[in-house]
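In: got a sequence here, can you model it:
(chains A and B)
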Amino acid sequence: MAVDRSDIEKIATLARIKLDENSIPEITSSICDILALVDKMQLVKTDDIEPMAHPLDAIQRLRCDKVTEEDQREAFQQIAPQTEDGLYLVPKVIE
Amino acid sequence: MHTQSIAELAQGLRKGDYSSKELTQHYLQRIEQLDGNYNSFISVTAEQALQQAAQADLRLAKGDTPMLCGIPIAHKDIFCTQGTRTSCGSKMLDNFIPPYDATVIKHFQQAGSVSLGKTNMDEFAMGSSNESSFYGLVKNPWKMECVPGGSSGGPAAAVAAQLAPAATGTDTGGSIRQPAALCGLTGLKPTYGRVSRYGMIAFASSLDQGGPMGRSAQDAALLLNVMAGFDPQDSTCIDKPVPDYSLTLNDSIEGLRIGLPKEYFGEGLDSDIQKAVEQAIKVYETLGASIKEISLPHTELAIPAYYVIAPAEASANLSRFDGVRYGYRCDNPQDLNDLYSRSRAEGFGDEVKRRILIGAYALSAGYYDAYYKKAQCIRRLIKNDFISAFEQVDVIMGPTTPSPAFKLGEKSNDPVTMYLEDIYTISVNLAGLPGLSIPAGLTEGKPIGLQLIGNYFEEAKLLNIAHRYQQESDWHQQTPPAAHKQNSEV
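Out: Numbers count the residues shown, from 1 in each chain, chains lettered A, B, ... in the order given. Next up is the predicted model:
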């Protein structure tokens, strides 16, 4: 499946990556090359095959519903770009 | 000191030939004087290393210490280290100082090992040449105009240049084994779930696995002893006892059944690499092994499936880097969306952005079944190939890479050509099996890697098989010509 400029712009919006206008043709062409490589998968029939998510088909372990982590907000916020009163600051969302 | 194996260094420390502080100082001095040539380290933590060495010396004086006590190790800059920047080779994390240690790092600390610093790598472990790091490319100590491989190119170059006795790496599609092959090292990717991924910055969570890179199977076994084990903080870590990998290194391999997949010896394989692999197989025959041709029929689908699964998981994993809680934030964001999309545009490099976009596409509405689900089905076919093979043989052998170290810049503008570099290693990650690369020759002065693939949790057997070869050959003892010159200087 080939992609065009509008597909790339749509995916970039979904992925929250601002693309430089000038780079779009090159990105589109390299992604087309990669998708052509990936499309070899379609040569094999897999209708009866169970998709594999984990190599050992392990299932998710559950733990007791108990508090195990301590509050480390201050330590975590020390490395944040901008905080105030224990909150992460971002540009205004609601006017 | 830097020419010795870890076992020899451990003995030297115990006999009092040198202290851990002296040993650490020696390596720090080598890094300072020589790493300008290779760029294998992103951060050198000299002060902390000397403190850890002083503590190790106290433990050594008391006796009864673990084997790695006082031994300097370099860690790939993907493992979180509390208080020390962990960049993952990215501008995005250039200012990231983790508030916690990865489980692997904790294990090394408990063992008394000294951390020399954090090594270079392809950005977010996405690459096969270590050319995509924000901190600049890494050079191969064997051939300075060539790549060291990737993504663990920094650890590989550091160990090959004898700037560290051994290092940690991670392997998602070949990132331990391929640089090990290109730099003449022994590198092991353990079974998925054998080593904790807690605190190891995620690329593709169903494929990522940490492992050791060293100069011999014996050294790799000592590192794996420390790295492996169950961790309740990693929900995919397997709760299974860890054997002492050093104990079985010398076991006889009489009667070992070696499988040679015909798909690994076809078109595209360098003829010198093919010859070197055949020579190594002959050595195994003299040790009592038998050879059988096998088939892994879905091999050619591994790269296509991988380049759906890995980018899809990466696009989900890397969505956490949004410029809000940590990492890079763009200047003067106009609104929240601008903050996200510009921080990510400026913080990520080209290859990372490319993979996020592919992943986002494969997971987007209407395409999931055609891409991600299809790739997962192929993943099972690949695993089934290996399961059938292991009904007939005990270990699978072949080349680690189709060609030796290539020139810097040769493949960096052509992603598809770069991806094909991992043709023999990727299936192992998709199946979740353990794989090991050992040095098995040289071509035009560049190392050749022999790959050993084992059944699930058979790391001990792989190390045993590798060690027996290393008792019969001296490829693993060869060092880059540059290192000979430098040995006389430092």
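
In: use CA for all of it now, contacts and neighbours both
Out: Will do.

In: quick check, B:Thr65 in contact with B:Arg59.
Out: Yes. B:Thr65 is in contact with B:Arg59 according to CA atoms under 8 Å; the separation is 6.5 Å.

In: which parts of chain A are helices?
Out: A:5-14, A:24-38, A:73-77 (DSSP state H).

In: out of those helices, which is closest to chain B?
Out: helix A:24-38 (4.1 Å; CA to the nearest CA).

In: so which bits of that closest one are buried?
Out: Neighbour-count burial for helix A:24-38 flags A:24, A:27-28, A:30-35, A:37-38 (criterion: 16 or more other CA atoms under 10 Å in any protein chain shown).

In: spatially central residue in chain A, please.
Out: The residue lying closest to the centre of chain A (CA atoms, centre = their mean) is A:Ala15, at 6.7 Å.

In: test my guess that that one contacts B:Ala360.
Out: Yes. With contact defined as CA under 8 Å, A:Ala15 reaches B:Ala360; the gap is 6.3 Å.

In: shared neighbours of these two, anything?
Out: Shared contacts of A:Ala15 and B:Ala360 (CA atoms under 8 Å, 6 or more residues apart in numbering or on different chains): B:Ser315.

In: sorry, back to before: got JSON lines for the helices of chain A, with mean pLDDT and distance to chain B too?
Out: What follows is those, written out as JSON lines (pLDDT from 0 to 100; distance: least, CA to the nearest CA, whole Å):
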{"stretch": "helix A:5-14", "mean pLDDT": "96", "distance to chain B": "6"}
{"stretch": "helix A:24-38", "mean pLDDT": "95", "distance to chain B": "4"}
{"stretch": "helix A:73-77", "mean pLDDT": "94", "distance to chain B": "6"}
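
In: ok, which of those comes nearest B:Asp414?
Out: The closest of these to B:Asp414 is helix A:24-38. By CA to CA, the value is 8.0 Å.

In: would you mind extracting the C-alpha trace of that closest one into CSV?
Out: What follows is helix A:24-38 as a C-alpha-only set of coordinates in CSV (Å, rounded to 0.1, in the frame of the first residue of the first chain):
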residue,chain,number,x,y,z
ILE,A,24,7.6,15.8,3.5
PRO,A,25,8.5,14.5,0.0
GLU,A,26,11.5,12.7,1.3
ILE,A,27,9.7,11.3,4.3
THR,A,28,6.8,10.1,2.0
SER,A,29,9.2,8.4,-0.3
SER,A,30,11.2,6.6,2.4
ILE,A,31,8.0,5.5,4.1
CYS,A,32,6.7,4.2,0.7
ASP,A,33,10.0,2.1,0.4
ILE,A,34,9.5,0.7,3.8
LEU,A,35,5.9,-0.2,3.2
ALA,A,36,6.9,-1.9,0.0
LEU,A,37,9.3,-4.0,2.0
VAL,A,38,6.6,-4.7,4.6
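
In: ok and it relative to helix A:5-14, angle-wise?
Out: Orientation check (axes from the mean of the first three to the mean of the last three CA atoms, to 10 degrees): helix A:24-38 against helix A:5-14 gives 90 degrees.

In: centre of the chain to helix A:24-38, how far?
Out: Chain-centre distance of helix A:24-38: 18 Å, with CA atoms, centre = their mean, to the nearest Å.

In: how about B:Ser412, what does it touch?
Out: Applying CA under 8 Å, 6+ apart, one finds that B:Ser412 lies in contact with B:131, B:418.

In: cool, and B:Pro402?
Out: By CA under 8 Å, 6+ apart, the residues touching B:Pro402 are B:268-270, B:273, B:421, B:423-424.

In: what of B:Gly153?
Out: B:Gly153 makes contacts with B:40, B:120-122, B:129-130, B:138, B:147, B:179, as judged by CA under 8 Å, 6+ apart.

In: mind running it again at 10 Å?
Out: Each residue near B:Gly153 by CA atoms under 10 Å, 6 or more residues apart in numbering or on different chains is listed here: B:39-41, B:76, B:119-122, B:125, B:127-131, B:133, B:137-140, B:147, B:169, B:175-176, B:178-180, B:182-183.

In: taking those one by one, which sit in strands?
Out: Counted as lying in strands by DSSP state E, out of those, are B:41, B:76, B:119, B:169.

In: number of nearby residues for the third one?
Out: What it means is B:Thr119. Residues contacting B:Thr119 under the criterion other CA atoms under 10 Å in any protein chain shown number 30.

In: do you know how far it is from chain A?
Out: 22 Å (CA to the nearest CA, to the nearest Å).

In: who touches the closest residue to that residue other than its chain neighbours in this structure?
Out: Nearest residue to B:Thr119 in three dimensions, chain neighbours excluded: B:Phe41, at 4.1 Å (CA to CA, 6 or more residues apart in numbering or on different chains). Applying CA under 10 Å, 6+ apart to B:Phe41 gives the contacts B:31, B:35, B:74-77, B:116-121, B:135, B:138, B:153-155, B:157-158, B:163.

In: can you name the residues of the stretch 151-300 of chain B that neighbour chain A?
Out: Taking CA under 10 Å from any CA of the partner chain as the contact definition, the stretch 151-300 of chain B meets chain A at B:191-193, B:205-207, B:232, B:234-238, B:298, B:300.

In: let's have those in CSV, adding neighbour count, pLDDT and secondary structure.
Out: CSV is the format used below for these (neighbours: other CA atoms under 10 Å in any protein chain shown; pLDDT from 0 to 100; DSSP: H, G, I helix; E, B strand; the rest coil):
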residue, neighbour count, pLDDT, secondary structure
B:Thr191, 28, 98, coil
B:Tyr192, 30, 97, coil
B:Gly193, 30, 96, coil
B:Ser205, 20, 96, coil
B:Ser206, 20, 95, coil
B:Leu207, 25, 97, coil
B:Pro232, 14, 93, coil
B:Asp234, 16, 95, coil
B:Ser235, 18, 92, coil
B:Thr236, 24, 92, coil
B:Cys237, 21, 93, coil
B:Ile238, 20, 93, coil
B:His298, 18, 97, coil
B:Glu300, 17, 94, helix
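
In: could you work out the most separated pair of the residues you listed?
Out: Farthest pair in those (CA to CA) is B:Pro232 and B:Glu300. Separation: 36.1 Å.

In: measure B:Asn429 to B:Asp77 for me?
Out: 21 Å (CA to CA, to the nearest Å).

In: again but with B:Thr299, I slipped
Out: As judged by CA to CA, B:Thr299 and B:Asp77 stand 31 Å apart.

In: so for these two, which sits in the more crowded spot?
Out: Using other CA under 10 Å, the more surrounded residue of B:Thr299 and B:Asp77 is B:Asp77, with 33 against 18.

In: for the nearest residue to the more buried one once chain neighbours are set aside, what are its contacts?
Out: Leaving aside its chain neighbours, B:Asp77 sits nearest to B:Lys118 (4.8 Å; criterion: CA to CA, 6+ apart). Counting by CA under 10 Å, 6+ apart, B:Lys118 makes contact with B:40-45, B:73-81, B:84-88, B:154-155, B:167-168.

In: before we move on, what about B:Lys15?
Out: Applying CA under 10 Å, 6+ apart, we find B:Lys15 in contact with B:Leu9.

In: A:Ala58 too?
Out: Contacts here follow CA under 10 Å, 6+ apart; on that basis A:Ala58 touches B:193, B:235-238.

In: phi, psi of it?
Out: Backbone torsions of A:Ala58, given as degrees, to the nearest 10, read phi -70, psi 150.

In: can you name every helix or strand that the helix or strand hosting B:Ala440 contacts?
Out: Using DSSP states H and E, B:Ala440 sits within strand B:435-443. Contacts defined by 3 or more CA pairs under 10 Å, 6 or more residues apart in numbering or on different chains; DSSP states H and E place strand B:435-443 against helix B:177-182, strand B:186-189, strand B:209-214, helix B:217-227, helix B:271-286, strand B:395-399, strand B:446-453, helix B:459-472.

In: picking up where we left off before, and for B:Thr65 and B:Arg59, which residues touch both?
Out: Contacts common to B:Thr65 and B:Arg59, judged by CA under 10 Å, 6+ apart, are B:Gly112.

In: now name the helix or strand holding the residue of the stretch 351-490 of chain B found nearest chain A.
Out: When scored by CA to the nearest CA, the stretch 351-490 of chain B has B:Cys377 as its residue closest to chain A, at 4.2 Å. Assigned by DSSP H and E, B:Cys377 belongs to helix B:374-392.
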